[in-house]
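Visitor: Can you look at this prediction? I've put the sequence above it.
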Amino acid sequence: MGKLIKVDVSGIKETIKEMEIYKETKKVIEQYEEEKAQIEARKQEIEKRMEHLQKALTENMLACEVYKSEPSTVVNLKHEQKVIKTDLEILASMLDEIEEEYTALKLKFAPIYRQAGTKEKGRHISITEEIEEAKYIMLTSIAELSAEMIRQHREVEEALMEVYNDETVQERLKYPLVRHGQSPKPTFSYAMNDVIHRGDVFSAIDGYIKMSKPKSLIEAEKAKREVQEVAPEVKEDEGK
C-alpha cells in the first residue's frame, strides 16, 4: 500500500524564491536611491574640490617657508592662503548641509516606505490558512480511509464471523469474536497532544525546525540521491 497522505513538495522552494513579497517597497527604494545618488554626486564634487584646495594650501604653506626672505612674495602667498581657507570653510559648511539633506530625504521617504509596506501586507500568505488547509486535507483523508476500511470489512464480515465465531474454533483457538460493525481502524501513535504544535510553527517562522526529520523522508532523499548518482552512468553507457 502506498502512502495515504502525500505532500507534493516539488517546486516549493523555487515557488517561494520567486515570490515578490516586497514588490511595492522595492519600487520606492529605487526612487529613494535615485534622489540619494543626486545628493551623493554633489557631495563627491565638494569633497573633490576640498581635496584639491587642501593640496593647494599645503603647497602654499611650503612656498611661504621657501620665500620667507621675500616679503612681497610671502604677502601674496598669505592673501592666496586666506582665500583658500575661506573656500574650505564654505565647502565644509556645504558638507554639513549635505548631511542635513540626507536626513531630510530619510524623513521624506520613511512614511512612503510605510505606505508601501501597508500595501504589501495584504499580499503576504497567511500560514494560518495554509496550516488549516493541510490539516483539513489530512483529516479528511484519514476519515475517508476509515470509512473505506469499514465498507470493505462489511464485505468479508459474514465470512469471518462464520469461521471465527464458531463454537469449536472459539473453544480451541480462543480467537476474539467478530462482531457486526467492529472493523479495524487506522492506527495512530503520536507523543504530542497536537499534530502541529503552535510552538513548532513559531519556530519555523523564526527560521528553524525543532522536530527531527522523519525516517521516511531521510530514506526517500537517500533513494533519490542514489538514483541521481546512477543516472549519469546510464547516460554515459547509452552514449557509447
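Guide: Arrived safely, thanks for sending.
Visitor: which element follows the lengthiest helix in the chain toward the C-terminus?
Guide: The longest helix of the chain (DSSP state H) is helix 71-121. Downstream of helix 71-121, the next assigned helix or strand under DSSP states H and E is helix 127-164.
Visitor: Please identify the buried residues of that next one?
Guide: If you call a residue buried by 16 or more other C-beta atoms under 10 Å, then helix 127-164 has these buried ones: His153, Glu157. To be clear about C-beta, it is placed using only N, CA and C from the backbone, and glycine gets the same treatment.
Visitor: any idea which helix or strand comes after it?
Guide: helix 167-173.
Visitor: now that next one, how far from the centre of its chain.
Guide: 64 Å (C-alpha atoms, centre = their mean, to the nearest Å).
Visitor: that older thread, which secondary structure elements does the longest helix of the chain contact?
Guide: Judged by 3 or more C-beta pairs under 8 Å, 6 or more residues apart in numbering; DSSP states H and E, helix 71-121 is in contact with helix 23-66.
Visitor: Quick check: mean pLDDT of the helix it packs on?
Guide: Mean per-residue pLDDT for helix 23-66: 95.
Visitor: which helices and strands does that helix pack with?
Guide: helix 71-121.
Visitor: Now stretch 187-199: average pLDDT?
Guide: Stretch 187-199 comes out at a mean pLDDT of 72.
Visitor: And stretch 136-147, by the same measure?
Guide: pLDDT averaged over stretch 136-147 gives 83.
Visitor: And for stretch 71-89?
Guide: 95.
Visitor: how distant is it from the center of its chain?
Guide: 60 Å.
Visitor: repeat for stretch 148-168
Guide: The answer for stretch 148-168 is 54 Å, by C-alpha atoms, centre = their mean.
Visitor: contacting residues around it?
Guide: Stretch 148-168 has contacts (C-beta atoms under 8 Å, 6 or more residues apart in numbering) with 169-170, 175-181, 183-186.
Visitor: Let's see that stretch as CSV, backbone CA atoms only.
Guide: Output of stretch 148-168 as CSV, limited to C-alpha atoms (Å, rounded to 0.1, in the frame of the first residue of the first chain):
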residue,chain,number,x,y,z
GLU,A,148,-13.4,2.6,3.3
MET,A,149,-12.0,0.2,5.8
ILE,A,150,-15.5,-0.2,7.3
ARG,A,151,-17.1,-0.6,3.9
GLN,A,152,-14.6,-3.3,2.8
HIS,A,153,-14.8,-5.1,6.2
ARG,A,154,-18.5,-5.4,5.8
GLU,A,155,-17.9,-7.3,2.6
VAL,A,156,-15.9,-10.0,4.5
GLU,A,157,-17.6,-9.7,7.8
GLU,A,158,-20.1,-12.5,7.4
ALA,A,159,-17.5,-14.9,6.2
LEU,A,160,-15.1,-14.1,9.1
MET,A,161,-17.9,-14.4,11.6
GLU,A,162,-18.9,-17.8,10.2
VAL,A,163,-15.4,-19.1,10.9
TYR,A,164,-14.1,-17.2,13.9
ASN,A,165,-17.3,-17.2,15.9
ASP,A,166,-17.8,-21.0,15.5
GLU,A,167,-18.0,-22.6,19.0
THR,A,168,-15.3,-25.1,18.3
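Visitor: I am finished for the moment; much appreciated.
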